[in-house]
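Asks: I would like to see how this sequence folds:
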Amino acid sequence: MFRNNDNNNNNHNNSNNDNGFDDENKGIFLDSKIEISDETSLIHKQYHDDYDENGLINNNGGSNENNGSKVTHRRGKHTFTEAEKLKMTKFESLDFPIIDNQIYREYIRRTSKLNHILKTFGKWIICFMVGVLVGITAYLVKQSVEFVNEFKFEQSGKYLGNERKFIAFLVYYSINILFGVSASLVIIPVGQIASGSGIPEVKGYLNGIRIPQSMNVKTLVGKLVSLILAYSSGLILGPEGPMIHIGSMLGGAIGQVKSKTLKWYPKVFWKYHNDRDRRDFISTGAAAGVAAAFGAPIGGVLFGFEEASSFWSRQLTWRTFFACLIATFTTNIILQGFDMQIHDYGVLKFGLSNKYLYKYSELIPFALLGVAGGLFGALFVNLNARLSQWRSKFFSNKKIYLRVLEVFILITITSTILYCCAAFTPCRSKTQANGSIESSTSIDSSSSSTTTNSTKLLKLLNNASGEDEQEDKFIAFFCDEGEYNQMAGLSFNSLDAALRLLFSTSTDIFTIPTLAVFSVISFILTTITSGLMLASGLFIPMMLVGATFGRLVGQVIALFVSVDPCIYALVGASAMMAGFSRMTISLAIIMVELTEGTQYMLPVILSVMIAKWVGDFFNESIYEHLIEQKCYPFLQSQPPKSMIKLGVVDIMKTEVVTLHEVERVSKVIEVLKSEQHFHNGFPVIERPRPIDPNKRDAYGNLEFYEDETTYSGLILRNQLICLLYYRIFCHEQPLPQNPRLLGGNVNRRYNQRRFGRPTEYGYAPADSRMTYELMTQSLARHFPSIDKMNLKKEEIDTMYIDLRPYMNLSTIVANETYSYSETYSIFRTIGLRHLPVVNKKNEVVGKSEDQDTWIPAYAMENCAKLIKNFENSNKL
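Replies: Numbering: from 1, shown residues only. I've put the predicted structure just below:
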């Protein structure tokens, strides 16, 4: 097991005295002599008591250490405090590898080709259902938000025409307060896991970490309701991040067809009741959420591959692409109806006219926009990370209703600033908006019915084209007939409608001072809004900031040469998105699909790549920072370079509890109930042979053994609990006869085993009551505690459990000579949870002559949390 302590290599201590390690810890790993740290007991304590009623990690305790944590300023330089390391140990890893045991092999042998085809076909059916439900959910979000916005602007519009500005503001502000505070109150009974975008939780789960309550039904409902209310509150936030989380939860729920929250475990789709298949369905749901939100099926697949999932395959690519197509199609068909012409847009869709192109000389300002996007994105990440850390400290010991008060204050500030900006902006004649006032999208007028309410309400040309409807583009806002308020089009408007105006080909619809002021205001408000206790995303707000700044640059350049400012708005939006999220391929495709501007692919890719490079120079993406601040033990694809000098023996955990192939029930119960060594997997070793048959320990086991005990397999905690629950007991089994291999090594004690058909040595038939189907379904549910299983004392004292038919026979092991980097790569690439470490003979190291060196076994357990802890305690 990996070690979770701050002890460092002696060479590291000599050359790096600024790591903050005590001198008394020097020499711990000298010459690879392993000592057991006193902090080991902290790692394996049960974590269930460390969560509050909302399923979040308690921040009580260790607050002084937490105050010493600093925000990451440079990429990969974050150092965790002891309290943060302890929080990491509270998370469990997921069991992605298949449990290749004897009952699984027997199930495979009797499975026909038809059953295999049906299982594969079932995955496609599930992906189809995921796409349909995600598309319907996206439609509900869009229609609900449009209904609320229609109500809000209609009520406040009654007073706009009567020149009653203050009354109109009170109506506008009151409705914003109503929906914003309601969105925050919804989070309280659900838990704060439903607030924010949810992307860190999705990335953490797909990386192999079980985050409590991040994928359950209660969180899904709370996230959806809070998103609809929050998106209608006038705050600068978007629905795309929460849609990714909602899609992930829908994918996990449909693929499993069960609910631990509702304690509902039907036998439908029981074959998919494992972490491996659930991971794939959650990846599919996340990609479908992007596809439905942006109308970008290809971008959704690339987002899942590039940003969300840590494990990918060709089969998953095709199924995810199919789900994204279904999600996009479902949203379109509901929005437009069966009689309308189909267009490929989702909840948010913009477009640029294909009549305007760019010159190759404009690639230079496009590149400069990429630099600016990287700088502003890095600044946003740094400011938001500091603000998030301040919030976590300030509200840690406060009542949760203060978070609702924070939302109230932010809505007050946002509504006042946005309304006053429009109120104090002078009116402008519509004749001053020179240029071809063309639609901000190339979709024909037949699709305008999908946004009828918004068009009437906001007086904005959303999806129409032609000169007849150009007047609807302008918002009067107390202006006389023939005039419009340019700031109201950005501030007193929905975010997607404001983006459509920024993508408009009207060259002078906005003045330069208006764009400059709104760029600053939108950036500041987006920074302070992100992190509130309500469901919110950052994609559309950062697109708004980038598009405003890009159009500002385009109009400044237009003073000297003839350019199209709407192209600069598109490039600026792409650069700002890449600056804070550090996405590349998926972002470029999403922007092209979102705007239907395939002719602008080169400027978009150029700005995205430059923005990512510039941002990476300063810090990581906002989601990486949130993962660090929430103490999710996320494993990167590559190990840190500072650990190259170490070997696996320098980082493994030595306090490993092993079980014999046939073990007493009393010993199994003792191991499972131990609070000092809380393991989730146990190496199984062959039964040793006694030297003195007359000496036994307190449990009746023989006390003295031969010095060699060979590693046989691995058994999970949940499997042991399942065997206890169903009382899969047996009487004491005789030791095998130890036949020698013919023509083989005469010193070898035991015969070899073959796949699925073990030789006579070690073979034991499984109990007829325990089948692969039963164990698979049982591992997907909650079991009562051992004390409530009503086990008889006679069973505990006299009965045994034969682990051979149920232990994993195909576990990946590492030799004690392995380096850290290679071990990390094996663990991370395959997605392991446990990685036993053995000696060259595949045997457990016994008791040596040195009484101070007792290493019962080597194993890595819960490495996803332990590797991360050790990495950050040994940063150079």
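
Asks: CA atoms for contacts and neighbours, from now on please.
Replies: Will do.

Asks: and the next helix or strand past the helix or strand harbouring L86?
Replies: Using DSSP states H and E, L86 sits in helix 82-88. Per DSSP H and E, the first helix or strand lying C-terminal to helix 82-88 is strand 92-93.

Asks: what packs against that following strand?
Replies: The elements that strand 92-93 packs onto, with contact taken as 3 or more C-alpha pairs under 8 Å, 6 or more residues apart in numbering; DSSP states H and E, are strand 209-210, helix 863-873.

Asks: okay, and S666 sits in which element?
Replies: helix 665-673.

Asks: again, but for Y205
Replies: With secondary structure defined by DSSP H and E, Y205 is part of helix 199-207.

Asks: ok now that helix, how far from the chain's centre?
Replies: For helix 199-207, the distance from its own C-alpha centre to the chain's C-alpha centre is 2 Å (C-alpha atoms, centre = their mean, to the nearest Å).

Asks: distance of the closest residue to Q389 other than its chain neighbours from G247?
Replies: With C-alpha to C-alpha, 6 or more residues apart in numbering as the measure, Q629 is the residue that lies nearest to Q389, at 7.2 Å, once sequence neighbours are left out. In this view, Q629 and G247 are 24 Å apart by C-alpha to C-alpha, to the nearest Å.

Asks: these two: which has the busier surroundings?
Replies: Neighbour count, other C-alpha atoms under 10 Å: between Q629 and G247, G247 has more, with 32 against 20.

Asks: buried sites along the helix or strand hosting K218?
Replies: For K218, the element it lies in under DSSP H and E is helix 217-231. With burial defined by 16 or more other C-alpha atoms under 10 Å, the residues of helix 217-231 counted as buried are 217-220, 222-231.

Asks: where along the stretch 201-350 of the chain do the helices fall?
Replies: Here the stretch 201-350 of the chain has its helices, by DSSP state H, counting those that start in this stretch, at 217-231, 240-256, 275-294, 297-303, 314-336.

Asks: output the contacting helices and strands for the helix holding L86.
Replies: Taking 3+ C-alpha pairs under 8 Å, 6+ apart as contact, the helices and strands that helix 82-88 lies on are helix 63-67, helix 863-873.

Asks: could you pull out the helices for the stretch 701-850 of the chain?
Replies: Per DSSP H, counting those that start in this stretch, the stretch 701-850 of the chain has helices spanning 717-725, 772-779, 793-798, 820-830. These are given in chain order.

Asks: cool, and the stretch 401-550 of the chain?
Replies: Chain-ordered helices for the stretch 401-550 of the chain, with DSSP H, counting those that start in this stretch as the definition, fall at 401-423, 452-458, 488-491, 495-502, 512-529, 539-558.

Asks: by mean pLDDT, show me the worst of the ones you listed.
Replies: Looking at the helices of the stretch 401-550 of the chain, the lowest mean pLDDT belongs to helix 452-458 (a mean of 39).

Asks: how many neighbours does S674 have?
Replies: 13.

Asks: quick check: phi and psi at it.
Replies: phi -70, psi 130 (degrees, to the nearest 10).

Asks: pLDDT at it, what is it?
Replies: If you check S674, the pLDDT there is 83.

Asks: from here on, call the first residue 26.
Replies: With the count now opening at 26, the last piece we talked about shows up as S699.

Asks: could the helices of the stretch 426-575 of the chain go into JSON lines alongside mean neighbour count and distance to V159?
Replies: JSON lines is the format used below for the helices of the stretch 426-575 of the chain (neighbours: other C-alpha atoms under 10 Å; distance: least, C-alpha to C-alpha, whole Å):
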{"stretch": "helix 426-448", "mean neighbour count": "18", "distance to V159": "28"}
{"stretch": "helix 477-483", "mean neighbour count": "19", "distance to V159": "23"}
{"stretch": "helix 513-516", "mean neighbour count": "25", "distance to V159": "30"}
{"stretch": "helix 520-527", "mean neighbour count": "25", "distance to V159": "20"}
{"stretch": "helix 537-554", "mean neighbour count": "18", "distance to V159": "26"}
{"stretch": "helix 564-583", "mean neighbour count": "26", "distance to V159": "18"}
